[in-house]
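Visitor: Please find the sequence and the predicted model below.
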Amino acid sequence: MRGATHAKRAVCAVMVALAATACGGGGGSGQDTSAVLSSSWGDPQNPLEPANTNEVQGGKVLDMIFRGLKKYDPETGEAQNMLAERIETSDSRNFTVTVKDGWTFSNGEKVTAQSFVDAWNYGASLRNNQRNAYFFAYIEGYDKTHPESGEQSADTLSGLKVTGPLTFTVELSQKFSTFPDTLGYPAFAPLPRAFFDDHDAWLKKPIGNGPYMVDNYTRGSQMSLRKWEEYPGPDKARNGGVDLKVYTDNNTAYTDLMAGNLDLVDDVPAAQLKNVENDLGDRYINTPAGIIQTLAFPFYDEDWNKPGSEKVRKGLSMAIDREQITDTIFQQTRTPATDWTSPVLGEDGGYKAGLCGEACEYKPDEAKQLIKDGGGLPGGQVKITYNADTGSHKQWVDAVCNSINNALDNQRACVGNPVGTFADFRNQITDRKMSGPFRAGWQMDYPLIQNFLQPLYYTNASSNDGKWSNEEFDDLVDRANAETDTAKAIGLFQQAEEVLRDEMGAIPLWYQNGSAGYSDRLSNVELNPFSVPVYNEIKVG
Amino acid sequence: MGRYVVRRLLQMIPVFIGATLLIFLMVNVMGDPVAGLCGDRECDPATAARLRHEFGLDQPVWQQYVTYMGNLFTGDFGTAFNGQPVTELMGTAFPVTIRLTIIAILFEIVVGIVLGVVTGLRRGRPVDTGVLLLTLVVISVPTFVTGLLLQLLLGVKWGWIDPAVSSEAPFRELIVPGLVLASVSLAYVTRLTRTSIAENRRSDYVRTAIAKGLPRHRVISRHLLRNSLIPVVTFIGTDIGALMGGAIVTERIFNIHGVGYQLYQGILRQNTQTVVGFVTVLVLVFLVANLLVDLLYAVLDPRIRYA
């Protein structure tokens, strides 16, 4: 576990700097490993099952109670073996997975190859309505257990075979060299028999194999997690447990932190960003997360998909003053984007600062000229559609429009077009009702450049909301997925990204940071690249 | 009296059906809620279709409504998107909101009526002017301002209360939120009582009562107050429903997991079952409260008879 020691070293450095505590055996400096901390939480939207959870709040819990074959390093995002002894392949299509011996679920049941295969079959089966079923789409036989329409003709994935108590093989339907690195996603977690035997009881009190156990769960208000003393993994909890408290509003959570009733808030409300450094000092964390905000275009609309419109799109991009907006509206919790991935990938992972070039720089005069060359704005005006119920989308959309209007010397060039609820917003997107650019945020599933490009821009991909389609791009992505050499694969992905840039398939706006604040009871608090606190590392007292 | 109650109860049926149908249609107009269930990505068509089928969203609206009403009579309020039965959500949300409402109503009754009586009896005096000014301020300041201000002062600056209510939400934690929730109505109750008292003070029966030599407290409580309370009772009665349904702002500020919170979540997630279920119960509460108010009239004023 080279990465783990790496992380430890970094953590120690932080600790020394902050508290000047010695970094040795641990636990000696008055820290109470049985103390419980409280943290803010939001009510999970879907039933809490690994393959059914697709938002941060539910994912947070899965991250605490489950460990999969791989785990992403909280610092670097690198996928490292957790339960996997090794994952071998010779052709990027057939993988042999060996599970480590000695792991159990918190109810004592052994984690075997079967635990994984059962869980994956469950997740992929259409009958179980798992919202994340598409994660298993690469596995051979997915089209039988999860057909696009009609009844399923198989209950299990033909590409999964248990070959021993601790070994199983995975056959993919296409080459996918970075497949092992996707296995850290919670959807791929193993499941105990209890999950299948008494599903309702499991949902009321989930049982997993992670460093924490669910002690008590009152849906909609609180989940108490306690340290699992017999946890066999290397990343044991350094505190006694975590009480996740549901807050109706993150402003209230912040107020509670200020009043000393809450230890950790992992989402500092936008309204408090101005005060947060005064209030918390160095107990405020603001670190990059794997989230990028973009503006997508409706390529199904003739007006946005005719020769020359790429100039209009590029012109709009150049009319946005990203620096100013991230400074004034987001108080530097966003960083102007210069490519379509995220800094959390790192240089080696495929992040390339400046890939977007001058198309992402604020150049009002050139913007004006480009839009003119491209035939002007369709209908003389762009409407940026966003959902007004969550986040502070209105603020930045208005600011973006303002910037565009100023650059084009036309106060009517751009207006915001709010949609009441997120559900309705998604509705209009899936019904292809967008008539102009619209908000498109992307939070990565796993820290791979593939995850920032393929689901979003590949022809007919699951999150290709703008229905952008480009043969050259698709071809490069296919080649990258088939490439076994990681560095070469990343190079190909970046070439694909350049195609995306030249066509300006979507305007990158900014990279989003994760923000958190904590009480002086806590130390060693960090956010992982998914902007979720690394709970098991937090020390109390 | 009995026949009156029966007639009133029968009248509730069309109101009930009309109200639920309206809400049902309104939530449905907002479009397909399954689109929002998969986050920032499209649900795969097969799963979306199955979810739609599971929630009954693939049927025409009228059929959904008929099925829904049919289930309602067997006590089945449907399932929320997170897999929880709506009755379970109600079971956790309503007790909390009822506690909050009780506190708010108590504030209205005790503080509101006492202030009203005091000012009504001392019209034009400094006390009266003071209270009038105060109620004017309370009425004109929005609830969320009062709420956030009290939360900041009492919760953070002085540390007298916890700024957020815990998930059990016991009575003592709900006192300040209850006061905030009651504040505007409280001001109205004060003003209503004041006017009513001031008006009735000069009436013949009060003069008679004083002339009979009754003690002052008896004149006020038995004769003056009882007659002056009719408009106040009407107001408080209708306010019960309004408070329960309108607690969204207060519940959000103080982190109370009550009806307002569930309704808010239901609307955000376009969860028809949650929204319609909760509103249905609220409509019932409203109707019953109104009936009780009407029956109370007879107690307050024996001249009012229900045939």
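Guide: Structure received. Residues are numbered from 1 along each chain as shown, chains lettered A, B, ... in the order given.
Visitor: give the contact list for the nearest residue to A:Lys352 once chain neighbours are set aside.
Guide: Leaving aside its chain neighbours, A:Lys352 sits nearest to A:Asp339 (5.3 Å; criterion: CB to CB, 6 or more residues apart in numbering or on different chains). For glycine as for every other residue, the C-beta is placed from the backbone atoms N, C-alpha and C. Applying CB atoms under 8 Å, 6 or more residues apart in numbering or on different chains to A:Asp339 gives the contacts A:Tyr351, A:Lys352, A:Ala353, A:Gly354, A:Leu355, A:Cys356, A:Glu497, A:Pro508.
Visitor: and of these, the nearest to chain B?
Guide: A:Pro508 (15.4 Å; CB to the nearest CB).
Visitor: pLDDT wise, what is whichever residue of the stretch 301-450 of chain A sits closest to chain B at?
Guide: Of all residues in the stretch 301-450 of chain A, A:Ala423 sits closest to chain B, at 2.9 Å by CB to the nearest CB. pLDDT for A:Ala423: 83.
Visitor: How about it: what's its closest non-neighbour residue?
Guide: A:Ala423 sits nearest to B:Gly36 (CB to CB, 6+ apart), 2.9 Å away.
Visitor: Could you check how many residues crowd around that neighbour?
Guide: Using other CB atoms under 10 Å in any protein chain shown, B:Gly36 has 25 other residues around it.
Visitor: next one: A:Gly354
Guide: A:Gly354 has 10 nearby residues by other CB under 10 Å.
Visitor: you'd agree it is up against A:Thr338?
Guide: Yes. Using CB atoms under 8 Å, A:Gly354 is in contact with A:Thr338, at 4.9 Å.
Visitor: Low-confidence ranges, chain B, go.
Guide: B:306-307 (pLDDT under 70).
Visitor: For whatever residue of it ends up closest to chain A, give its distance to A:Val36.
Guide: Relative to chain A, the nearest point of chain B is B:Gly36 (2.9 Å; CB to the nearest CB). Going from B:Gly36 to A:Val36 by CB to CB, to the nearest Å gives 34 Å.
Visitor: go on, B:Ile253?
Guide: 26 Å.
Visitor: More neighbours: which of the two?
Guide: B:Ile253 (26 against 17).
Visitor: Which of the contacts of A:Asp339 fall within helices?
Guide: Taking DSSP state H as the definition of helices, those contribute A:Glu497.
Visitor: Write the ChimeraX selection for whichever of the contacts of A:Asp339 are buried.
Guide: Command for ChimeraX, covering only those of the contacts of A:Asp339 found buried under the criterion 16 or more other CB atoms under 10 Å in any protein chain shown:
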select /A:351,352,355,356,497,508
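Visitor: Now render the contacts of A:Asp339 as a markdown table, adding pLDDT.
Guide: As requested, the contacts of A:Asp339 are arranged in a markdown table below (pLDDT from 0 to 100):
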| residue | pLDDT |
| --- | --- |
| A:Tyr351 | 93 |
| A:Lys352 | 93 |
| A:Ala353 | 92 |
| A:Gly354 | 92 |
| A:Leu355 | 94 |
| A:Cys356 | 93 |
| A:Glu497 | 95 |
| A:Pro508 | 95 |
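Visitor: OK, contacts around the closest residue to chain B within the stretch 51-200 of chain A?
Guide: Nearest residue of the stretch 51-200 of chain A to chain B: A:Asn54, at 4.6 Å (CB to the nearest CB). When contacts are counted by CB under 8 Å, 6+ apart, A:Asn54 touches A:Asn46, A:Arg131, A:Asn132, B:Cys38, B:Gly39, B:Arg41.
Visitor: Could you turn the buried ones of those into a ChimeraX selection?
Guide: Those of these that count as buried under 16+ other CB under 10 Å are selected in ChimeraX with:
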select /A:46,131,132 /B:38,39,41
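Visitor: Can you give me the neighbour number for residue 158?
Guide: No chain in the question, so chain A it is. Look at A:Ser158: counted by other CB under 10 Å, it has 14 neighbours.
Visitor: Can you look at chain B instead?
Guide: B:Trp158 has 9 nearby residues by other CB under 10 Å.
Visitor: The residue nearest to A:Ala423 and A:Phe422, how far apart?
Guide: 5 Å.
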